[in-house]
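**Student:** A structural model of the following input is requested.
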Amino acid sequence: MDKLFIELYLDENVSVLVAKILRARGFNVTTTDEAGQKGTTDLEQLQFASEKGFAIVTMDRVDFEFLANEYFSSGKHHAGIFIAADNSPQVIAQSLADHMDRITADEMMNQVIYI
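**Tutor:** Predicted coordinates:
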């Protein structure tokens with residue numbers, strides 16, 4: 001794939017303030033609302049993010065652990081999943097920025113990272 005920079009897709013349970021903070025730092029971030037995906041299922045969210053090459057950020061640990069396992073078992077690929085704990089938008093944004101400064105998009109492929 002040869003993609004250097006991770007692009008993020010925030011599912012609808014992640015505050016849009018996270019996107020604003022990360023954009024101010026120069027990161028490419030898309031929200032569920034901006035993508036016209038509000039109200040879609042977690043599977044549809046992951047499919048959309050995967051098709052666009054976005055690593056998804058969610059707080060739905062159980063659902064996305066299951067989906068990551070399903071993708072792995074069926075040989076499908078995703079651009080990465082960040083599973084965030086219930087923290088402030090500032091803490092989530094800082095943790096994402098720290099990871100994106102150290103990991104390339106290629107390295108993030110099919111990874112699940114807990115933040």
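
**Student:** distance check, His78 against Ala97.
**Tutor:** 21 Å (Cβ to Cβ, to the nearest Å). From N, CA and C alone the C-beta is placed, and that goes for glycine too.

**Student:** between those two, which is the more surrounded one?
**Tutor:** His78 (24 against 16; other Cβ atoms under 10 Å).

**Student:** the more buried one - nearest residue in space that isn't next to it in sequence?
**Tutor:** Leaving out its chain neighbours, the residue that sits closest to His78 by Cβ to Cβ, 6 or more residues apart in numbering is Ser50, at 4.4 Å.

**Student:** same check on Leu4?
**Tutor:** That would be Thr104: by Cβ to Cβ, 6+ apart, it lies 5.3 Å from Leu4.

**Student:** SS state for Lys38?
**Tutor:** coil (DSSP: H, G, I helix; E, B strand; the rest coil).

**Student:** which positions within stretch 85-105 qualify as buried?
**Tutor:** Pro89, Ile92, Ala93, Gln94, Ser95, Leu96, Ala97, His99, Met100, Ile103, Ala105 (16 or more other Cβ atoms under 10 Å).

**Student:** how close does the residue lying closest to the last one once chain neighbours are set aside sit to Leu10?
**Tutor:** In other words, Ala105. Spatial nearest neighbour of Ala105, excluding adjacent residues (Cβ to Cβ, 6+ apart): Lys3 at 3.8 Å. Using Cβ to Cβ, Lys3 is found at 19 Å from Leu10.

**Student:** so which of the two has more stuff around it?
**Tutor:** Taking other Cβ under 10 Å, Lys3 and Leu10 do not tie; Leu10 has more neighbours (29 against 14).

**Student:** quick one: contacts for that one?
**Tutor:** Leu10 sits next to Val16, Val18, Ala19, Val29, Thr30, Thr31, Thr32, Ile56, Val57 when contact means Cβ atoms under 8 Å, 6 or more residues apart in numbering.
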